[in-house]
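> This is a predicted model, with the sequence first.
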Amino acid sequence: MIDAVLEALAATSVLDAAALVLGIVYLVLAARHVRWCWVAGGVGSAIVVYVTARAQLPMQAALHAYYVVMSAYGFWRWSRDRATAAPTVTTWPLRAHAVAVLALLAASAISAWWLERETQAAWPFLDSFTTWGSLFTTWLVARSKLENWLYWFVIDSILVFLYAAQGLVFLSLLMVIYLGIIVSGFLTWLRIYRTQALAS
């Protein structure tokens, strides 16, 4: 097992390594609610578009193309919020989350059915679920919703397996590292949210 991991790491490209580093920079800065996270995220996502497309994960490639666009939106949104002194971190009601989860499962089932029929996608449902979930959760991050970290924990746990199964060891490792940063990010944003509540 260890030999297989070492062989995969030795075969990993410079692009994979760059995506790993930029992904970590993105998440560390996002956990601290620093708007420059979006620059690192945008460049890293552009790299992952290429890598995942070659690995026959079309939904992941499409997802990271979306990340590039959302990086520009996120940078603009966080810059605007700073300029207008808007609340830094907000939450969503439970009912909205219930509707969102049902919609994510439905969208995942539909796209998985299509991928299984029309493409050579390796893991149609998992690829679809993590993609739709990530699309939604990235929007939550850009809108500074506290619960984004809970969604990311579920999604990235699945991606640890998905990327490893396709031999994308660096991306799988990135997801493992993300899980630790996600916990830190949630706690940091929770402190920000509580501080805002006390100040209001």
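Arrived safely, thanks for sending.
> so which helix or strand takes in the residue lying closest to Leu126 once chain neighbours are set aside?
Nearest residue to Leu126 in three dimensions, chain neighbours excluded: Leu162, at 5.3 Å (C-beta to C-beta, 6 or more residues apart in numbering). Where C-beta positions appear, they are placed from N, C-alpha and C, glycine not excepted. Assigning secondary structure by DSSP states H and E places Leu162 in helix 148-165.
> helices or strands up against that helix?
Applying 3 or more C-beta pairs under 8 Å, 6 or more residues apart in numbering; DSSP states H and E, one finds that helix 148-165 makes contact with helix 124-142, helix 169-199.
> Out of the ones you listed, which is closest to Tyr50?
Closest approach to Tyr50 among those (C-beta to C-beta): helix 169-199, 12.2 Å.
> start to end distance for stretch 26-35?
Start-to-end span of stretch 26-35 (C-alpha to C-alpha, to the nearest Å) is 10 Å.
> what residues are up against the nearest residue to Ser79 once chain neighbours are set aside?
Using C-beta to C-beta, 6+ apart and skipping the chain neighbours, the partner closest in space to Ser79 is Arg35 (5.7 Å). For Arg35, the contact set (C-beta atoms under 8 Å, 6 or more residues apart in numbering) comprises 74-75, 78-79, 82.
> go again using 6 Å as the cut-off
75, 78-79 (C-beta atoms under 6 Å, 6 or more residues apart in numbering).
> where's it relative to Tyr193, distance?
Arg35 sits 18 Å away from Tyr193, going by C-beta to C-beta, to the nearest Å.
> Please apply the same query to Val89.
Distance from Val89 to Tyr193, by C-beta to C-beta: 4 Å.
> re the thing from before, of all the residues in the helix holding Leu162, which ones are buried?
Across helix 148-165, burial judged by 16 or more other C-beta atoms under 10 Å covers 148-149, 151-152, 155-160, 162-164.
> Same question for stretch 180-190.
By neighbour count on 16+ other C-beta under 10 Å, the buried set for stretch 180-190 is 181-182, 185-186, 188-189.
> Surely Ala121 is within a helix?
No - the assignment for Ala121 (DSSP: H, G, I helix; E, B strand; the rest coil) gives coil, which keeps it out of a helix.
> Find the helix or strand that the residue nearest to Ser79 is a member of.
According to DSSP H and E, Arg35 maps onto no helix or strand at all.
> Now the phi/psi pair for it, please.
Main-chain dihedrals, Arg35, degrees, to the nearest 10: phi -60, psi -20.
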